[in-house]
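Peer 1: Just the structure for this:
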Amino acid sequence: MKEVLKDLDKAFENRTRLGIMSALVVNESLNFKALKELLGVSDGNLASHLKSLEKCDYISFEKDFIDRKPNTTYYSTIKGVEAFKKHLNAIEQLLK
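Peer 2: Here you go, the predicted structure:
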């Protein structure tokens, strides 16, 4: 049991961060607005959770403009995908 628990990642303990990673692993990329609508969270709430995942190098982003409006697109990194899969595998092991 201890061996399985060590694979749980604190970065994914929060529902919003778990949702962000789930969405970014399934989709190649999503912009801020799409993530906000998908998760049903406020701008500030989403921004703080995205920052947490950025600090872990689990996600990356690109900023550009569409019709003179800023647009930020988020991607999961290889490190993030590996950590997320490891976390999900640990949960599956706990449920068995």
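Peer 1: Against which helices or strands is the lengthiest helix in the chain packed?
Peer 2: Longest helix in the chain, counting residues (DSSP state H): helix 78-95. The contact analysis (3 or more Cβ pairs under 8 Å, 6 or more residues apart in numbering; DSSP states H and E) places helix 78-95 against helix 2-5, helix 15-26. Every residue, glycine included, has its C-beta placed from N, CA and C.
Peer 1: quick one, it and helix 15-26 angle?
Peer 2: 110 degrees (axes from the mean of the first three to the mean of the last three Cα atoms, to 10 degrees).
Peer 1: Show me what Leu30 bridges to in the sheet.
Peer 2: Taking DSSP bridges as the rule, Leu30 bridges to Tyr74.
Peer 1: any idea of the mean pLDDT in stretch 17-31?
Peer 2: For stretch 17-31, the mean per-residue pLDDT is 97.
Peer 1: Name the residues of that stretch that are buried.
Peer 2: By neighbour count with 16 or more other Cβ atoms under 10 Å, stretch 17-31 contains the buried residues Arg17, Leu18, Gly19, Ile20, Met21, Ser22, Ala23, Leu24, Leu30.
Peer 1: where's it relative to the chain centroid, distance-wise?
Peer 2: 5 Å (Cα atoms, centre = their mean, to the nearest Å).
Peer 1: Okay, the closest residue to Ser76 other than its chain neighbours and Leu88: tell me how far apart.
Peer 2: Setting aside the residues directly before and after it, Ser76 is nearest to Leu24 in space (Cβ to Cβ, 6 or more residues apart in numbering), at 4.0 Å. For Leu24, the distance to Leu88 (Cβ to Cβ, to the nearest Å) stands at 14 Å.
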